[in-house]
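In: build me a structure from this.
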Amino acid sequence: MTDFDGKNVLVTGGGSGIGLATARRLVEAGARVVIAGRNADRLNAAVKTLDAEDRVLAVPTDVSRLADLDRLSAQIRERFGQLHGVFANAGIGLNARTADVTEADFDQVVGTNFKGAFFTVQKALPLLAENSSVVLNASWLVHRGMATGSLYAASKAAVLSLAQTLAPDLAGQGIRVNTITPGHIRTEMFDGVTGNDQVREFFRGQVALGRLGRPEDIADVVLFLLSSRSSYITGQELVVDGGLVGSVPA
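Out: Model (predicted):
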């Protein structure tokens with residue numbers, strides 16, 4: 001697969017989970033990849049696992065900080081010149097009832113999940129070539145209410161709305177904007193939020209296909225949305241959830 005030969009793609013939250021799986025697929029497809037994340041050690045480890053240092057740039061970045069995003073953009077311009085795709089994937093979870101959410105929780109979750117996505121795209125715009133693609137990462141919780149997910153779900157609903165409005169806003173530049181909405185995907189963040197195997201088994205039982213998703217399940221669809229194969233798709237949400245939202249398990 002060589003759809004991405006000569007293409008440069010930014011993946012935020014690229015040090016682990018869905019972001020790292022997407023970066024790996026992109027490298028395999030011939031792309032040059034920028035991975036950004038808050039943990040420098042994790043990014044360095046990710047670069048080694050990707051095994052393509054000449055085509056991978058790792059930049060420690062907190063997407064909630066505009067100064068970090070400015071530095072990220074400057075390093076991308078210096079190394080690769082321009083971008084052909086962005087996967088705004090960086091996000092954090094919070095499992096808390098509404099009465100227990102603090103102002104610090106709010107600032108951190110909204111700052112990373114929504115503010116971070118918004119300004120990741122804004123700061124990338126001067127670098128994006130014509131006919132580029134932007135993919136934002138939402139969540140199944142946009143469609144199903146969960147008592148302990150009010151803040152997280154609201155931040156992801158904002159991301160979904162953002163993609164729908166960015167699509168016409170950027171269409172004149174030939175830039176497409178879509179959303180990927182994962183279901184229960186087995187990542188470090190998922191394990192941290194669910195806590196134990198009993199809870200994870202409960203979530204697995206909600207999925208019509210009968211299994212938790214893998215990061216690669218999402219990465220493969222992100223690559224489709226980033227590629228020219230989806231050149232007539234913009235402003236859309238692609239739910240990849242094994243039937244979690246729209247189906248009742250047998």
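In: which SSE is immediately downstream of the helix or strand containing residue 201?
Out: Using DSSP states H and E, residue 201 falls within helix 197-204. On the C-terminal side of helix 197-204, the nearest following helix or strand under DSSP H and E is helix 215-226.
In: and that next one, what does it pack onto?
Out: When contacts are defined as 3 or more Cβ pairs under 8 Å, 6 or more residues apart in numbering; DSSP states H and E, helix 215-226 packs onto helix 17-28, strand 83-88, strand 128-137, strand 176-182, strand 237-240. The C-beta positions use only the backbone N, C-alpha and C, and glycine is treated the same way.
In: circling back to that earlier point, buried ones in the helix holding residue 201, by neighbour count?
Out: By neighbour count on 16 or more other Cβ atoms under 10 Å, the buried set for helix 197-204 is 200, 203, 204.
In: give me the contacts around that helix.
Out: Helix 197-204 has contacts (Cβ atoms under 8 Å, 6 or more residues apart in numbering) with 184, 186, 190, 191, 194, 210, 211, 212.
In: please repeat the previous calculation with a cut-off of 6 Å.
Out: Helix 197-204 is contacted from outside by 184, 194, 212, using Cβ atoms under 6 Å, 6 or more residues apart in numbering.
In: now for the first one: which residues touch it?
Out: Read that as residue 184. Per Cβ under 6 Å, 6+ apart, neighbours of residue 184: 203, 212.
In: one more pass at 8 Å, please.
Out: Residue 184 neighbours (Cβ under 8 Å, 6+ apart): 140, 190, 203, 204, 206, 207, 212, 213, 241, 242, 244.
In: relative to residue 4, which of these is nearest.
Out: residue 213 (23.0 Å; Cβ to Cβ).
In: now that closest one, nearest residue through space, not along the chain?
Out: Leaving out its chain neighbours, the residue that sits closest to residue 213 by Cβ to Cβ, 6 or more residues apart in numbering is residue 185, at 4.1 Å.
In: how near is the residue located most distally from the centre of the chain to residue 203?
Out: Largest separation from the mean C-alpha position in the chain: residue 250, at 30.6 Å (Cα atoms, centre = their mean). As for residue 250, its distance to residue 203 is 17 Å (criterion: Cβ to Cβ, to the nearest Å).
In: for the helix or strand harbouring residue 109, packing partners?
Out: According to DSSP H and E, residue 109 maps onto helix 103-110. Helices and strands touching helix 103-110, by 3+ Cβ pairs under 8 Å, 6+ apart, are helix 150-170.
In: identify the residues contacting the helix it packs on?
Out: Counting by Cβ under 8 Å, 6+ apart, 88, 91, 93-98, 101, 105-106, 109-110, 113-114, 117-118, 121, 125, 134, 136-139, 141-142, 145-146, 176-179, 181, 234-235, 237 sit against helix 150-170.
In: same check on stretch 87-94?
Out: With Cβ under 8 Å, 6+ apart as the criterion, stretch 87-94 contacts 9-14, 18-19, 22, 36-37, 63, 101, 105, 108-109, 112-113, 116-117, 120-121, 134-137, 149, 151-152, 155-156, 159, 189, 192-193, 222, 226.
In: okay, now residue 57: neighbour count?
Out: Residue 57 has 21 neighbouring residues, counting by other Cβ atoms under 10 Å.
In: list the contacts of the nearest residue to residue 7 once chain neighbours are set aside.
Out: Among residues not flanking residue 7 along the chain, residue 84 sits closest, at 4.2 Å (Cβ to Cβ, 6+ apart). Residue 84 sits next to 4, 7, 8, 9, 128, 129, 132, 133 when contact means Cβ under 8 Å, 6+ apart.
In: ok so, going back, ok, the contacts of helix 197-204 vs residue 28, which is closest?
Out: Closest to residue 28, out of all of the contacts of helix 197-204 and judged by Cβ to Cβ, is residue 212, at 23.2 Å.
In: if anything else comes up later, I'll come back, but that's it for now.
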